[in-house]
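Asks: take a look and give me a structure for this.
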Amino acid sequence: MNILIAGASGFVGGHLIDALLSTGSFGKNGHKLRCLARSEKAKKLFEEKGIEVVPGDITEPETLEGALDGIEFVIHLVGIIQEKGSATFQRVHVEGTKNLVAEAKKAGVKHFFYQSALGADKSSWSGYLRTKAEAEEIVKASGIPYTIFRPSLIIGPWDGFTKKLSDIIKMSPVIPIPGDGKSKFQPVYINDWLKCMMKVIASPESFRGTFEIGGPQQLTYNEIVRTLADAMKVKKAIVHMPMGLMKFGVLLAEKTIPLLPVTSDQLRLLEAGNICDVNSVEKSFGFKPLKYADALKGFIK
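Replies: Prediction:
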């Protein structure tokens, strides 16, 4: 099967490429593995791994012409969690998906995978979740057989969430938590996401539709922070910061600072929580994913 990955240079995409190459079935001596690349750095990295590279940006449809020729399976991992300049949720998630789907239809792609997000909803107050849901609708209406994943927070080596949180735990004299920390989340280990994805690639016709991908535990943010601190062998007090005050401060800062470490949208997502059936992966893919503390052992030293 010939595969194209859009968003291959991200956290999830990088792990997926390594997993595909490790099978020995893709790359120089196997099925075609092609990646879209926007930068020279990404292009060089992919080429060093023996992967075919085509320059392209899903937000610029003219760059996609011919990029999917000969491709049977498209894996769309492009997404942003924070808007910056012209890279808005609408442009990246909605317009970008529309462009990629249009090119996939022209190329006769047989299966289309889209990485959405747990909680995606067209009526959501969150621009992130709303545009993810709009992108899902574009994929569903394409006429191409599809698989959509709605993953919870994906953790693993190089993931941005754990890196940010571990830096705070290391550097701050206390561990600050926005609000009461009681909102629940369901972290899923990247290796477990990969197991699900590899099953889809091996038998796409068996996994048509939308799947929620979450870990086996619904943990409060307090529990997530404390478990990570324990894995790091750090003992510090947790201090809860008033959510209202943080929202107000971030709202003011957003007007003057172009790229904050946290946005109003992200604070509201943190406050709301995000969970699904704890048995979702086992029911759909036939295995039980790792618990959060066990997953951390795989990459926190």
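
Asks: all strands of this structure, in order?
Replies: 3-6, 33-37, 52-55, 73-76, 111-115, 146-151, 154-155, 175-178, 184-185, 188-189, 209-213, 219-220, 238-241 (DSSP state E).

Asks: could you export those as JSON lines, including distance to Asp230?
Replies: For glycine as for every other residue, the C-beta is placed from the backbone atoms N, C-alpha and C. JSON lines is the format used below for the strands of the chain (distance: least, Cβ to Cβ, whole Å):
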{"stretch": "strand 3-6", "distance to Asp230": "35"}
{"stretch": "strand 33-37", "distance to Asp230": "37"}
{"stretch": "strand 52-55", "distance to Asp230": "42"}
{"stretch": "strand 73-76", "distance to Asp230": "35"}
{"stretch": "strand 111-115", "distance to Asp230": "30"}
{"stretch": "strand 146-151", "distance to Asp230": "24"}
{"stretch": "strand 154-155", "distance to Asp230": "15"}
{"stretch": "strand 175-178", "distance to Asp230": "12"}
{"stretch": "strand 184-185", "distance to Asp230": "17"}
{"stretch": "strand 188-189", "distance to Asp230": "17"}
{"stretch": "strand 209-213", "distance to Asp230": "25"}
{"stretch": "strand 219-220", "distance to Asp230": "13"}
{"stretch": "strand 238-241", "distance to Asp230": "12"}
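
Asks: which stretches of the stretch 101-250 of the chain form helices?
Replies: 127-140, 160-171, 190-202, 221-231, 243-254 (DSSP state H, counting those that start in this stretch).

Asks: neighbouring contacts of the longest one?
Replies: Judged by Cβ atoms under 8 Å, 6 or more residues apart in numbering, the contacts made with helix 127-140 from elsewhere in the structure are 76, 79, 81, 83, 89-90, 92-94, 96-98, 101, 112, 114, 116-117, 119-124, 146, 148, 210, 265, 269.

Asks: where does pLDDT dip in the stretch 51-200 of the chain?
Replies: Applying pLDDT under 70 to the stretch 51-200 of the chain picks out no residues at all.

Asks: please report how far Gln218 lies from Arg34.
Replies: For Gln218, the distance to Arg34 (Cβ to Cβ, to the nearest Å) stands at 38 Å.

Asks: more neighbours, those two?
Replies: Between Gln218 and Arg34, counting by other Cβ atoms under 10 Å, Arg34 is the more crowded of the two (24 against 17).

Asks: thinking His76 is in contact with Gly10, fair?
Replies: No - using Cβ atoms under 8 Å, His76 is not in contact with Gly10; the gap is 11.6 Å.

Asks: neighbour count winner among these two?
Replies: Taking other Cβ under 10 Å, His76 and Gly10 do not tie; His76 has more neighbours (25 against 19).

Asks: so who does Glu212 touch?
Replies: Contacts of Glu212 by Cβ under 8 Å, 6+ apart are 118, 150-152, 276-277, 280.
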